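Student: quick one, fold the following:
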Amino acid sequence: MTLLPETARRIEEIAARAQSAGRVPSLALAVLRDRAVLHFTGAGETPRPDPKTQYRLGSITKTITATLVMQLRDEGFFALDDLLYRHLPGTPIGGVTLRQLLGHVSGLQREPDGPWWERTAGGDVDRLLAGLTYEKLTGPPFRRHRYSNLAYGLLGAVLSRVTGQSWAELATKRVLDPLGMRRTTYHPVEPYARGYVVHALGGTLHEQPRADTGAMAPAGQLWSTVTDMAKWAGFLADPAPAVLARETVDEMCSPVAISDPESWTAGHGLGPQLFRVGERVHVGHGGSMPGYLAHLAVHRRSRMGVVVFANAYGFAGGESIMDLGLRALTTVLDHEPAAPAPAWQPPAPPTGEAAEVCGRWWWMGREYDVAPVGAGLVMTGPGRHTRFHREAPDRWRGAAGSDEGEVLSVLRAPDGTVTGLDIATFRYSRNPYDLA
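Tutor: Numbering: from 1, shown residues only. Model prediction:
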């Protein structure tokens, strides 16, 4: 599958104009779908963009750190509402939770102490923790969204403490290798783009250091390519169960905080950033390190995404790389036909308890239908569209939809015949005239 010729032309024009007006040495832009690069375009010659050339991800790294946190939560290493001191004892800011750190609502300041961590060699975890004081908390948790690189350095420290492995080892073994992201690395591996500051007077290039950020690596260390970011975008849209369950990725992509309360166009989940453009909401993350800008945005429903890399520390003229990425993704979604729905297949006949529950039900004169879906059930009708999975005999739990988390209880007569369904005190009957 490829883009329509007119859509491809629009994307190429967007990239060329952005590189020229922004005065960046090299810009790579790719449209992504289903773990593959659907269309690649680039502009600039320093270096000439290529899908396999590495650029620095910056804070897109945080989405991988967040995935590691959720993996270990699912495996029982900790709970998201654990207080930090439980895993990093002795810290003066131990009263914040892992959930608050993930969603940037801990009240923690943006950066750690010391020289600018993005541009200098970083220290180890002990040095990071030694710089913590109570004053690092700028306010109480959840008062407002406050983006914090320091929060992700601390999450990386927790990951290392509970597993006995370094953050880099965990990221490689648990995320990058299983997804086949072989060109996503801790240090740059040739071919990679050198990063620059482009001087406003004369446009001269000043190459930037490529520091090993040490304990702050979980906040922005990784390098990657357009090809590997297609795999990562595909994972966010359609999770690989070997890495993380779909339900957990859905949890990560649910809003924790709105970062612009006036317009509600940006927010944060448990790791990913959320971007609203019109009626669409995208997930992903932006990134910057000295000499580099990056942005990834994914429309999960269509499985379409865009990644943009630039090897400059800013665009001349004021446009942000986020604006560029979202404009490109919106262009694709507006002009490309939607993918056809999968072919309908008749469901397998329900068996066991599901066979007793499926069929037509009524509540307050309204009709509802319960049908099999995979190993579960789905209820549809006015105000109801919920997928349930079975927890125990006569007990089903809402897994997704309007009754997510609620219990569906199967009601029976003394002889064992199913007489009704109860969902959070709402009782459904086979009799359309039963309004009790």
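
Student: three-state assignment of R194?
Tutor: coil (DSSP: H, G, I helix; E, B strand; the rest coil).

Student: that one is in contact with A312, isn't it?
Tutor: No: using Cβ atoms under 8 Å as the test, R194 is too far from A312 to be in contact (10.7 Å). Where you see a C-beta, it was placed from the backbone N, CA and C, and this is true even at glycine.

Student: list the residues that contact both of these two?
Tutor: Residues touching both R194 and A312 (Cβ atoms under 8 Å, 6 or more residues apart in numbering) are G291.

Student: how close does L377 get to I93?
Tutor: 45 Å (Cβ to Cβ, to the nearest Å).

Student: tally of neighbours for the spatially closest residue to P112 that is not a sequence neighbour?
Tutor: Leaving aside its chain neighbours, P112 sits nearest to L150 (4.9 Å; criterion: Cβ to Cβ, 6 or more residues apart in numbering). Applying other Cβ atoms under 10 Å, we find 23 other residues in the vicinity of L150.

Student: I'd like the next helix or strand past the strand or helix carrying V410.
Tutor: V410 belongs to strand 407-412 when assigned by DSSP states H and E. Next helix or strand after strand 407-412 toward the C-terminus (DSSP H and E): strand 418-423.

Student: now do the buried residues in that following strand.
Tutor: 418-421, 423 (16 or more other Cβ atoms under 10 Å).

Student: equivalent analysis for stretch 120-136, please.
Tutor: By 16+ other Cβ under 10 Å, the buried positions in stretch 120-136 come out as 122-123, 125, 128-129, 132, 136.

Student: G103: which of those residues is nearest?
Tutor: Of all the buried residues of stretch 120-136, G103 sits closest to K136, with 17.3 Å by Cβ to Cβ.

Student: hmm, back to that, ok, the buried residues of strand 418-423 vs R23, which is closest?
Tutor: Once Cβ to Cβ is applied, the member of the buried residues of strand 418-423 that ends up nearest R23 is I423, at 59.0 Å.

Student: and the closest one, bridged to which residues?
Tutor: L408, F426 (DSSP bridges).

Student: so which residues of the stretch 51-200 of the chain form helices?
Tutor: 61-74, 98-102, 125-130, 149-163, 167-171 (DSSP state H, counting those that start in this stretch).

Student: which one's more surrounded, R194 and A312?
Tutor: Neighbours were counted for R194 and for A312 using other Cβ under 10 Å; A312 has more, 26 against 16.

Student: now do the helix or strand containing V37, average pLDDT.
Tutor: Assessed by DSSP H and E, V37 sits inside strand 36-44. Confidence for strand 36-44, expressed as mean pLDDT, is 97.

Student: other residues contacting that strand?
Tutor: Looking at what lies outside strand 36-44 - Cβ under 8 Å, 6+ apart - the contacts are 1-3, 7-8, 11-12, 15-16, 18-20, 24-32, 48-51, 226-227, 230, 234, 304.

Student: mind saving the C-alpha coords of stretch 17-26 as CSV?
Tutor: Extracted in CSV, the C-alpha atoms of stretch 17-26 (Å, rounded to 0.1, in the frame of the first residue of the first chain):
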residue,chain,number,x,y,z
ARG,A,17,9.1,23.9,3.0
ALA,A,18,9.8,23.1,6.6
GLN,A,19,13.4,22.3,6.0
SER,A,20,14.0,25.5,3.9
ALA,A,21,12.0,27.9,6.1
GLY,A,22,13.3,26.3,9.3
ARG,A,23,16.9,26.3,8.1
VAL,A,24,17.7,22.8,9.4
PRO,A,25,20.6,20.9,7.8
SER,A,26,18.6,17.7,7.4
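
Student: quick one: find the helix or strand in this structure with the lowest mean pLDDT.
Tutor: Every helix and strand of the chain was ranked by mean pLDDT, DSSP states H and E. The lowest is helix 125-130, at a mean of 88.

Student: pull up the distance across stretch 163-172, start to finish.
Tutor: Across stretch 163-172, the terminal residues are separated by 14 Å (Cα to Cα, to the nearest Å).

Student: circling back: tell me the one of the buried residues of strand 418-423 nearest P112?
Tutor: Closest approach between those and P112, by Cβ to Cβ: I423, at 48.3 Å.

Student: could you dump the buried residues of strand 418-423 to CSV with distance to L84?
Tutor: Converted to CSV, the buried residues of strand 418-423 look like this (distance: Cβ to Cβ, whole Å):
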residue, distance to L84
V418, 49
T419, 50
G420, 47
L421, 43
I423, 38
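
Student: in a markdown table, list these along with distance to T63 and pLDDT.
Tutor: What follows is these, written out as a markdown table (distance: Cβ to Cβ, whole Å; pLDDT from 0 to 100):
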| residue | distance to T63 | pLDDT |
| --- | --- | --- |
| V418 | 45 | 96 |
| T419 | 48 | 95 |
| G420 | 45 | 96 |
| L421 | 39 | 97 |
| I423 | 35 | 96 |
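
Student: what mean pLDDT does stretch 191-208 get?
Tutor: 92.

Student: so where's the stretch 201-350 of the chain uncertain?
Tutor: Scanning the stretch 201-350 of the chain for pLDDT under 70 picks out no residues.

Student: so which residues of it form helices?
Tutor: Using DSSP H, counting those that start in this stretch, helices in the stretch 201-350 of the chain cover 217-220, 226-237, 246-252, 321-335.

Student: quick check: buried residues in the longest one?
Tutor: The neighbour-count criterion (16+ other Cβ under 10 Å) identifies 321-322, 324-333 as the buried residues of helix 321-335.

Student: same check on the third one?
Tutor: For helix 246-252, burial by neighbour count (16+ other Cβ under 10 Å) applies to 248-249, 251-252.

Student: which of those residues sits closest to A355?
Tutor: Nearest member of the buried residues of helix 246-252 to A355, counting by Cβ to Cβ, is T248, at 30.7 Å.

Student: what's the separation between that closest one and R86?
Tutor: 21 Å.

Student: cool, G44 as well?
Tutor: In terms of Cβ to Cβ, G44 sits 48 Å off from R86.

Student: also P47?
Tutor: For P47, the distance to R86 - Cβ to Cβ - is 47 Å.

Student: equivalent analysis for A392, please.
Tutor: Taking Cβ to Cβ, one finds A392 at 32 Å from R86.

Student: between these two, which is the more surrounded one?
Tutor: Neighbour tally, A392 and R86, criterion other Cβ under 10 Å: the higher count belongs to R86, 14 against 8.

Student: so who does that one touch?
Tutor: Taking Cβ under 8 Å, 6+ apart, one finds 78, 94 in contact with R86.
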